[in-house]
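Novice: Okay, predicted coordinates and the sequence, questions at the end:
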Amino acid sequence: MRKIIAFMMIALFAAGFAFAGAAKESATVSTDGSTSMEKVILSLAEQYMADNQDVNVTYNPTGSGTGITAALEGRCDIGLSSRALKAEEVASGLKETIVALDGIAIIVNGDNTVSDLTIEQIAALFSGDITNWNEVGGPDAPVVPIGREAGSGTRDGFESITGTEDVCKYSQELTSTGAVITAVAQNPGAIGYASLASNLDSVKTLTVEGVAPSEETVKSGEYKIQRPFVFATLADKPLSDAAQKFFDYCVSSDAASIIAGAGAVPVAD
Amino acid sequence: MNLSQYIAEKGYKDNPRRLVEDLIQLVFLILGLVAVGSVLVITVYLVVSGLPAIFKIGPVEFLFGTRWASTASEPAFGILPFILTSIYGTAGAIIIGVPIGFFAAVFLAKMAPKKVREVMELCIGVLAGIPSVVYGLVGMTILVPGIRILFNVPDGATLLAAIVVLAVMILPSVINVSLSALQAVPREFEEASLALGATSTETYFRVTVPAAKSGIFTAIVLGIGRAIGEAMAIMMVAGNVANMPSIFKSVRFLTTAVASEMSYSSGLQREALFSIALVLFLFIMIINAILNVLKTGGKRK
């Protein structure tokens, strides 16, 4: 009993010191926006906060549109957008900085003879306009579109790039990239999508309009199924010191491995 | 002052053992309250976080709407497909699982030789201990492609796959509860029947089974409870598309509707997921109420 009490006292002291440490004045960098960028921004924030104990980076997952508005109205330091800013958004006083690129691979079963599709064909396959692979030069087999659950960043990215928001007729909606890959590997008629960073050995990765997805083709813009991860900031008003430092860190080459680890393609060399 | 009065009243001074007894009782009472407290916290939390969205969406639209598109530009939150899928899926699992489990229990209780019985009971015990994710994994890699090939459908991740997985999952509870009900029937009943010239099979089905009726119903209701609450295994085999249920369609259950969208949800979508959980909770409560009625009804006889 005495030991337990002693242990608890020590634990309490330790907790007290830890809180005292955290209570030291800290600067806050607030980010707000795209849910697709959650993994990238949280990985960056985690690493940055580990390196700089006195800075607190917050993230509010609201969506690209809301994030851009928040940045414009000064409600956050950095707005996060998983699409390029529109001309009128830039005109209203925002600056766009591309931090990373998100490439999405289109995958089919290894037995499928189709190896190249256009974006229109991909959209038609997922929306149910094409229901048999022989319409795109493949075998006579039904098309089985396999996707991610509503709210997933990969799904949002894929659907916004191919213009299939709300019209995809999925046969399965799975909750992880791994499950999508497994399902595609098992069904000869399946087609799915997965982040480029995932392990795609068990399935066949299609070329899109003749370009195979890779870090290089995404970076050069040749591979079409990609989108930018953008930091939106006010053009004429400088960031606070803490925010500027975090911003510089994110676009620096130090952050590249963190961004790659979160499944995106870093733009800094 | 009060404390010393209390001590005097209880007679702790003369009898320190009583103090120890009472203290131990208090400790056990607190431990018992942990379970009660958890139920209360969960219930209150679910109601508080689940009700607002129902009224924001509209109770009728929420419960009877047939379209679920939580992240669409014009979101729709109708959970009728989930409710019906849960009911159909559970009913299907019961239709397949209960006869198998029931006859297996009769065989084990009355007909099986001792050796066979021991081996089978061991297997059933193992079946009960297999985690649901393993059921899902096996279903995903064997059952789903199997259904695709066997029934020549484009995709095997269907309601049928979920029903088969659930039917296997409820087997242990159905068998074990029916088995103990059958074994509890007094031998005299059977002996009387046999003495009157009935064959063994007649005796089992006309005397033993009717006598064990309430126990067997309990087994079925337990099976329903297990099937309706399962999420992990069916999330891996049912395809999770919010279709109206049909045997060869990809479907989403109440449980999987909550589980599959929770991680990235926000705003009204997240609140609606809590509302689904609340509906599921009510289903389970109703099943538990039926179970209690069955149990007390069985005792009165």
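Specialist: All right, it came through fine. Numbers count the residues shown, from 1 in each chain, chains lettered A, B, ... in the order given.

Novice: I'd say residue B:217 and residue B:293 touch.
Specialist: No: contact status for residue B:217 versus residue B:293: not in contact, 9.9 Å apart, counting by CB atoms under 8 Å. In short, each C-beta sits where N, CA and C put it, glycine included.

Novice: Low-confidence regions, chain A specifically.
Specialist: Scanning chain A for pLDDT under 70 picks out the ranges A:1-25, A:269.

Novice: let's go with 50 and repeat that
Specialist: A:20-24 (pLDDT under 50).

Novice: Enumerate the positions of stretch A:168-178 that are buried.
Specialist: Judged by neighbour count using 16 or more other CB atoms under 10 Å in any protein chain shown, the buried positions of stretch A:168-178 are A:168, A:169, A:170, A:171, A:172, A:173, A:174, A:175, A:177.

Novice: Surely the fourth one is in contact with residue A:142?
Specialist: Same thing as residue A:171. No: using CB under 8 Å, residue A:171 is not in contact with residue A:142, being 9.2 Å away.

Novice: and the longest helix belonging to chain B, does that touch chain A?
Specialist: Longest helix in chain B, counting residues (DSSP state H): helix B:16-57. No: Helix B:16-57 stays clear of chain A (CB under 8 Å from any CB of the partner chain), getting no nearer than 14.4 Å.

Novice: How many residues are close by residue B:95?
Specialist: By the criterion of other CB atoms under 10 Å in any protein chain shown, residue B:95 has 11 neighbours.

Novice: actually residue A:62, not the one I typed
Specialist: Counted with other CB under 10 Å, the neighbours of residue A:62 add up to 19.

Novice: can you tell me which residues contact the closest residue to chain A within the stretch 201-301 of chain B?
Specialist: Residue of the stretch 201-301 of chain B nearest chain A, by CB to the nearest CB: residue B:264 (3.5 Å). Each residue near residue B:264 by CB atoms under 8 Å, 6 or more residues apart in numbering or on different chains is listed here: A:35, A:38, A:149, A:151, A:152, A:153.

Novice: ok, back up a step: pull up the overlap in contacts between residue A:171 and residue A:142.
Specialist: Contacts common to residue A:171 and residue A:142, judged by CB under 8 Å, 6+ apart, are residue B:154.

Novice: Could I get the full set of helices for chain A?
Specialist: Counting by DSSP H, the helices of chain A are A:2-22, A:38-51, A:64-72, A:87-91, A:119-127, A:153-162, A:177-186, A:215-220, A:241-251, A:256-261.

Novice: Could you count how many residues lie near the closest residue to residue A:43 other than its chain neighbours?
Specialist: Sequence neighbours aside, residue A:262 is the residue nearest to residue A:43 in space, at 4.3 Å (criterion: CB to CB, 6 or more residues apart in numbering or on different chains). Around residue A:262 there are 21 other residues, counting by other CB under 10 Å.

Novice: dump the residue contacts of residue A:74.
Specialist: Under the criterion of CB under 8 Å, 6+ apart, the contact list for residue A:74 reads A:234, A:237.

Novice: Kindly provide the distance from it to residue A:234.
Specialist: For residue A:74, the distance to residue A:234 equals 7 Å [CB to CB, to the nearest Å].

Novice: Tell me the residues of chain A that contact chain B?
Specialist: So chain A meets chain B at A:35, A:38, A:61-62, A:142-144, A:149-153, A:156, A:165-166, A:170-175, A:179, A:182-183, A:186-187, A:189-190 (CB under 8 Å from any CB).

Novice: From those, list the buried ones, please.
Specialist: A:35, A:38, A:61-62, A:142-144, A:149-153, A:156, A:170-175, A:179, A:182-183, A:186-187, A:189-190.
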